[in-house]
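# Fold the stuff below for me.
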Amino acid sequence: MTDNLSGVIAFVKTAEALSFVGAARALGVSASAVGKNVAKLEASLNVRLLHRSTRKVGLTAEGQLFYERCRKILDDLHDARAMLSHAIQAPRGKLRVSLPTIGYRFLFPHMLAFRQTYPEIELELDFNDHLVDVIEEGFDVVIRSGGLADSSLMARKLGPFRFVLCASPAYLREHGRPVTLADLERHPCLRYRFATTGKIMDWTLSANPAITALRLPTALTLNNMEAMLSAAVDGHGIAYMPDFLAREALAQGQLDTVLEGHCEDEGQFWALWPSSRHLSPKIRVFVDFAAARLFTTRPTGSPPATR
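Alright, predicted model coming up:
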């Protein structure tokens, strides 16, 4: 096996240099040793791989085919060794992560545990709701919701999370609690506008076309979910927001959920990172940690949706 591998390496280097001398220089051995290894390989295969002359070496047709396969095998072997080397290294260095503006709400509860587990990783966190060019802007990992627009990136699911309809107790005492989805047409609604597209987020409350066609009175339109939360707590109307955003306000009695059985839609976050032959240890452990820890609990006061 070792002899065969030595022969393959000698053959590939000779094919690339078109010279036994050039291959010997690259391998740090004598030209005669390279020639002997290639000759042994040809004998074992019972195929001539190289045309030899006093001035140059060339590939036969069979040699060309064999070279292409061997080059890929050696590249894969190199990658396997590099991957193993990365795997046994301690994760360290700066890790640049881009998250949505509300990302601190699902990340910060687990931040201390991550830093204690991986003390040699320096986190640099960028919070914004705009699309970013992962490679151009130098991010190691990006966390975003919705569909995947860039197929060149590696991706892993985080979540999912649910949406909840909620309002402040003071608002509900003054305006009443909606009992049916149709009741929403008589309540001021707080709507979210996506910063990236400018579109208003739909309230996915039912598969029934008659329900999805509800005309929701808009009291406020906001492009920031934290502002949406504040407006709901202040009693401006009914809001539709991610469960992890409402969790603290629900637990503290600042918000109350309504129409719980109708919020069937689930959102999905993804961890995205540049595609490369070798996944660095710091990216690997962060993505594994995020997948294991984030979006694993439901908000207080919001039971699972029922049909």
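
# could you pull out the strands for this protein?
Here the chain has its strands, by DSSP state E, at 50-52, 57-59, 93-99, 121-127, 141-145, 153-167, 189-192, 218-222, 238-242, 256-257, 266-274.

# what's stretch 83-100 in contact with?
By Cβ atoms under 8 Å, 6 or more residues apart in numbering, the list of residues contacting stretch 83-100 from outside reads 107, 118, 120-129, 132, 134, 137-145, 225, 278-286. For the C-beta atoms, the positions are set from N, CA and C on the backbone; glycine is no exception.

# Please pick the buried ones from the residues you listed.
The neighbour count (16 or more other Cβ atoms under 10 Å) marks 107, 118, 121, 123, 129, 134, 139-145, 225, 279-283, 285-286 as buried among the contacts of stretch 83-100.

# Indicate which one of the strands of the chain is closest to Ala80.
Of all the strands of the chain, strand 153-167 sits nearest to Ala80, with 18.2 Å by Cβ to Cβ.

# That closest one: which residues count as buried?
Leu153, Ala155, Leu158, Gly159, Phe161, Arg162, Phe163, Val164, Leu165, Cys166, Ala167.

# May I have it exported as PDB, CA atoms only?
The C-alpha trace of strand 153-167 is given here as PDB (Å, rounded to 0.1, in the frame of the first residue of the first chain):
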ATOM      1  CA  LEU A 153     -22.900  29.600   1.700                       C
ATOM      2  CA  MET A 154     -23.000  26.700   4.000                       C
ATOM      3  CA  ALA A 155     -26.100  26.700   6.200                       C
ATOM      4  CA  ARG A 156     -27.500  25.000   9.400                       C
ATOM      5  CA  LYS A 157     -30.900  25.300  10.800                       C
ATOM      6  CA  LEU A 158     -31.400  27.100  14.200                       C
ATOM      7  CA  GLY A 159     -34.800  26.900  15.800                       C
ATOM      8  CA  PRO A 160     -37.500  27.200  14.800                       C
ATOM      9  CA  PHE A 161     -39.400  29.900  16.700                       C
ATOM     10  CA  ARG A 162     -43.100  30.800  16.800                       C
ATOM     11  CA  PHE A 163     -45.000  34.000  16.400                       C
ATOM     12  CA  VAL A 164     -47.500  35.300  19.000                       C
ATOM     13  CA  LEU A 165     -50.300  37.900  18.900                       C
ATOM     14  CA  CYS A 166     -50.100  40.100  22.000                       C
ATOM     15  CA  ALA A 167     -51.200  43.300  23.500                       C
END
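
# What pairs with that strand, parallel or antiparallel?
strand 238-242 (antiparallel), strand 256-257 (antiparallel), strand 266-274 (antiparallel) (DSSP bridges).

# Give me whichever of those strands is most buried.
Looking across the strands paired with strand 153-167 with neighbours counted as mean count of other Cβ atoms under 10 Å, the highest average goes to strand 238-242: a mean of 25.

# which outside residues touch that one?
Contacts to strand 238-242, defined as Cβ under 8 Å, 6+ apart, come from residues 102, 161-167, 171, 178, 184, 187-190, 192, 201, 203, 225, 228-229, 231-232, 258, 263, 267.

# how many degrees apart are it and strand 218-222 in direction?
30 degrees (axes from the mean of the first three to the mean of the last three Cα atoms, to 10 degrees).

# tell me the average confidence for strand 238-242?
Averaged across strand 238-242, the pLDDT comes to 92.

# go on, stretch 38-48?
Per-residue pLDDT values over stretch 38-48 give a mean of 91.

# Same question for stretch 139-157.
Mean pLDDT, stretch 139-157: 78.

# ok, now stretch 268-279?
The model assigns stretch 268-279 a mean pLDDT of 77.

# Quick one: end-to-end distance for that stretch.
Length of stretch 268-279, first residue to last, Cα to Cα, to the nearest Å: 23 Å.

# now that stretch, how far from the centre of its chain.
In terms of Cα atoms, centre = their mean, to the nearest Å, the centre of stretch 268-279 is found 4 Å from the chain centre.
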